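Asks: Sequence and predicted structure are below.
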Amino acid sequence: MNDTVLVIAEQRNNQLNPHSLEVIAAGQQLAAQQGLSLVAALPGATLDAGAASLAETRLDDLLLVQHDLLEPYTADAYCAALGQLMAELNPKFVLIPHTYQARDFAPKLAASLDRSLISDCVGIKPGESGPVFVRQLFQGKVNADVVALGEPPYFVSLQAGCWPAESVESGSATPRSMDVSLDASQIRARAEAPERGAAQAVDLSSAEIIVSVGNGIEKEENIEIARQLAAAIGGELGASRPVIDEGWLPLERQIGSSGQTVAPKLYLALGISGSSQHLVGMKGAKTIVAVNKDANAPIFKHADYGIVGDVMEVMPALIKALQG
Amino acid sequence: MKIGVCIKQVPAKDSPIAINEDGRWIREDDLKYELCGPDEYALEAAIQIKEQHGGEVVAVSLGPARSTDVLRTALAKGADRAVHIQLDAPEVTPPLPAAKALAEALSKESFDLILSGLQSDDQGFGQTGVIVAELLGIAHTTVVVDLEVTDGEVKVKRELEGGWYQSLSLPLPAMLAIQSGINTPRYASFKGIIAAKKKPLESVPAAASTEAHQQTLKIYVPEKTKDTQFLEGDPDDAAQALIAKLKTEAGILS
Ligand SMILES: Cc1cc2nc3c(=O)[nH]c(=O)nc-3n(C[C@H](O)[C@H](O)[C@H](O)COP(=O)(O)OP(=O)(O)OC[C@H]3O[C@@H](n4cnc5c(N)ncnc54)[C@H](O)[C@@H]3O)c2cc1C
Ligand SMILES: Nc1ncnc2c1ncn2[C@@H]1O[C@H](COP(=O)(O)O)[C@@H](O)[C@H]1O
């Protein structure tokens, strides 16, 4: 008992969410470091494809938590099923990808066992009395070292993009079904199947140059200069969420976890702070330029080139430099 | 409809951040504070539901005495009442004990709907509202980008990653964690600010904190992961230097 690291993997439409593999990689490292065994569990209704992907990784056990009532996803069904898994497995650590689905069920699952989750971690390092979990405060401006206290299980969710999926050790796990009993009356939500939002008129994923504006643009009328800069440099206009929330640019230009994932040759981040939800959508850009008036903005940690300054002065200067 | 809305006071976004002496939180001496960004949307959603269906909006905040500022803001924007749960050092309180203190206060009233922001701008646990729902034994959902209250239930659209959505209906009472962009938060009117002075703001002590299951050892500024080349000088010099480097070093522009 208490001798396992449990990873709760995620799938949708019989496809493994690749973030799950990153968490397997983290779980393999944590299990080795702590001398624990590693078990992965996959909840859902149709699991064969997801199970096949997980079976190729080095695990001590692979549990399929299968029930028709687990699809479409609801927090109630997940917590009821995973609660049974917790009781049976009694894990020491529970690692979960910090997806939108995990945001929805993991705090409830942990609280149902009188625990709280150490959420959205970007690192795990060895400490004096067990692992130290690194999480971000102030949207990435500050890191915090957090330890788990009291009795296990310790619930931890991990941010996407922090443990390379390529570092997963491969193996051959044999999927094993675990029976869970669920009743429709336990599920308070009437949930529909996920659906894709309105078709995107703009596909930024193939753009070679993206000029992206954030909250630092300050006013709607300032978008025009960004548009001119995009034209001058031959790029597409993109934006962080606040600019879209304000209605200054259409949703199809949003970059990040809720928007598009892009990998241009050049990404100009203008007045964008560099939150994890934005970074996940553009970290793959080959060259990143950041312009920000705050020299300590987290975006500079990912930028190849940086200008500390006011976007409203730097944008016209860039247009001039391109024309000259 | 009786609607409770959880709002948090956080350091203002443009406040300079410096780590304090004990290394567990930031220096508070010169900080300015503001209403947490996502909570602006939750508050606006609460006021709009009341405007449509009638009822009452009660704003609730857990924190030190200064937190009453955001409650006054909520009252000025249209909340009817406010409850301040006194807690002197919220920054060292993990999400579970914080949610317990909130749930304890919220349980004294029977709300049809409880709203929270999705994630606080300072600690960013992304958990508090969900735990409150679990403690109160009510249904919940998160990342809510659209909502409609009908007879005895609330229909919502929740955002999934990469442009996907899920629609669902929850029976009332329910808790919703609201995503940014769901509405356009209003400003407080002058009349609202005057009216707020007469609205009830009650202060209650936080329920005794139970054992924490996590502890922050220290906080620090993260190390750089890339060697950024900073281009100095006035905007024109920096811009010219950048464009030159993009052409020569990065080989991007021709
Ligand atoms: C579940 C979830 C999903 C999300 N999905 C997304 C997503 O898909 N995409 C996304 O972008 N965000 C997303 N977010 C929001 C994200 O957490 C951040 O709030 C957002 O990315 C911040 O945008 P920003 O950097 O433009 O604004 P801020 O964080 O406000 O940063 C503005 C920056 O501009 C700088 N600045 C201000 N004025 C100037 C000036 N005059 N000149 C130069 N610099 C200036 C400031 O120093 C600051 O660094 C999501 C959040 C959650 C919780
Ligand atoms: N101290 C608090 N007082 C009132 N509401 C809070 C408090 N902490 C968190 N919340 C609510 O819970 C949401 C999520 O916060 P967090 O779990 O810290 O990310 C916030 O947006 C608020 O709506």
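Replies: Received the coordinates, thanks. Ligands and ions are numbered 1, 2, ... in the order given.

Asks: Pull out the buried residues from stretch B:212-225.
Replies: Using 16 or more other C-beta atoms under 10 Å in any protein chain shown as the test for burial, stretch B:212-225 gives B:Ala212, B:His213, B:Gln214, B:Thr216, B:Ile219. The way it works is simple: take the backbone N, C-alpha and C, and place the C-beta from them, glycine included.

Asks: can those residues go into a markdown table with extra columns for distance to B:Cys36 and pLDDT?
Replies: Shown next, in a markdown table, are these (distance: C-beta to C-beta, whole Å; pLDDT from 0 to 100):
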| residue | distance to B:Cys36 | pLDDT |
| --- | --- | --- |
| B:Ala212 | 22 | 74 |
| B:His213 | 24 | 87 |
| B:Gln214 | 21 | 91 |
| B:Thr216 | 19 | 94 |
| B:Ile219 | 19 | 97 |
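
Asks: quick check, nearest of those to A:Val94?
Replies: B:His213 (12.3 Å; C-beta to C-beta).

Asks: where does chain B dip in pLDDT?
Replies: B:210-211 (pLDDT under 70).

Asks: Contact residues of it facing ligand 2?
Replies: Proximity of chain B to ligand 2 is confined to B:6-8, B:36, B:38-39, B:42, B:61-63, B:90, B:95, B:98, B:102, B:116-117, B:119-120, B:123-129 under the rule C-beta under 6 Å from any ligand atom.

Asks: Against ligand 1, which of those residues make the cut? List them.
Replies: B:Gln119.

Asks: Now the two most distant members of the buried residues of stretch B:212-225.
Replies: B:His213 and B:Ile219 (18.7 Å).

Asks: count of neighbours near the nearest residue to B:Pro173 once chain neighbours are set aside?
Replies: Nearest residue to B:Pro173, sequence neighbours excluded (C-beta to C-beta, 6 or more residues apart in numbering or on different chains): B:Ile138, at 4.7 Å. Using other C-beta atoms under 10 Å in any protein chain shown, B:Ile138 has 20 other residues around it.

Asks: what's B:Ile138 sitting at in phi/psi?
Replies: Torsion angles at B:Ile138 (phi, psi; degrees, to the nearest 10) stand at phi -110, psi 160.

Asks: The one 5 residues further on now?
Replies: Phi and psi for B:Val143, reported as degrees, to the nearest 10, are phi 50, psi 50.

Asks: check contacts around it.
Replies: By C-beta atoms under 8 Å, 6 or more residues apart in numbering or on different chains, B:Val143 lies in contact with A:Tyr100, A:Arg103, A:Asp104, B:Leu118, B:Arg158, B:Glu159, B:Leu160, B:Ala177, B:Gln179.

Asks: would a markdown table of the residues you listed with distance to A:Asp120 be doable?
Replies: Shown next, in a markdown table, are the contacts of B:Val143 (distance: C-beta to C-beta, whole Å):
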| residue | distance to A:Asp120 |
| --- | --- |
| A:Tyr100 | 12 |
| A:Arg103 | 9 |
| A:Asp104 | 14 |
| B:Leu118 | 12 |
| B:Arg158 | 18 |
| B:Glu159 | 17 |
| B:Leu160 | 17 |
| B:Ala177 | 14 |
| B:Gln179 | 16 |
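
Asks: In the stretch 51-200 of chain A, what residue spans correspond to helices?
Replies: A:75-89, A:100-112 (DSSP state H, counting those that start in this stretch).
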